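> Mind folding the following:
(2 chains)
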Number of protein chains: 2
Amino acid sequence: MDQPWTKRQRPERLERRIEFDDYETTRLFLEQLNELAEQRQCYPDISFGRTYVNLTLRAEPDQSPVGEPELAFAAAIDALVP
Amino acid sequence: MDQPWTKRQRPERLERRIEFDDYETTRLFLEQLNELAEQRQCYPDISFGRTYVNLTLRAEPDQSPVGEPELAFAAAIDALVP
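You can find the predicted model right below:
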């Protein structure tokens, strides 16, 4: 299966960039992502502009390796991408 | 007056980092910022995590010097900071 996330080191983390057609689509994605983050009490680092979102998922506490919770969160985020 | 924005070069841009006490405050600020951006049809680059927001304002079109519109937008953003 296609894995859209890149695993990076020091600290270990998952990163994904998503492009959107317009600001409305970007905004809708960010709102759904916010709901997901609040449900999980898990707040990724997010960078966005008009038509892109960059996500970074880190394990808690700092410097922990990426594990099942981060992979599950990543999959839940993937399900939001239009 | 205190100028919380830093002007950077190549391309010329304004940057500001804002820290918040909790996710609710961060979130409220981001929602107000979204309304401002939609009103002005002007979309800054935004990075955020649970308790911080980093903002970058660039002039349009790309590579233009920062001018009155960006300074006015920066001042309007400042007014949202709790």
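
> Provide the secondary structure category for residue A:31.
Per DSSP: H, G, I helix; E, B strand; the rest coil, the local secondary structure of residue A:31 is helix.

> Over to residue A:18?
Residue A:18, by the three-state scheme (three-state DSSP), is strand.

> for it, what are its contacts?
Applying Cβ atoms under 8 Å, 6 or more residues apart in numbering or on different chains, we find residue A:18 in contact with A:29, A:52-55, A:81. From N, CA and C alone the C-beta is placed, and that goes for glycine too.

> try residue A:37
A:43-44.

> What residues sit buried inside whichever strand or helix holds it?
Assigned by DSSP states H and E, residue A:37 belongs to helix A:23-40. For helix A:23-40, burial by neighbour count (16 or more other Cβ atoms under 10 Å in any protein chain shown) applies to A:23, A:26-27, A:29-30, A:33-34, A:36-37.

> Those residues into CSV, with extra columns for pLDDT and distance to residue B:72?
Output for these, formatted as CSV (pLDDT from 0 to 100; distance: Cβ to Cβ, whole Å):
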residue, pLDDT, distance to residue B:72
A:23, 95, 20
A:26, 97, 24
A:27, 97, 23
A:29, 97, 29
A:30, 97, 25
A:33, 97, 30
A:34, 96, 28
A:36, 96, 35
A:37, 95, 32
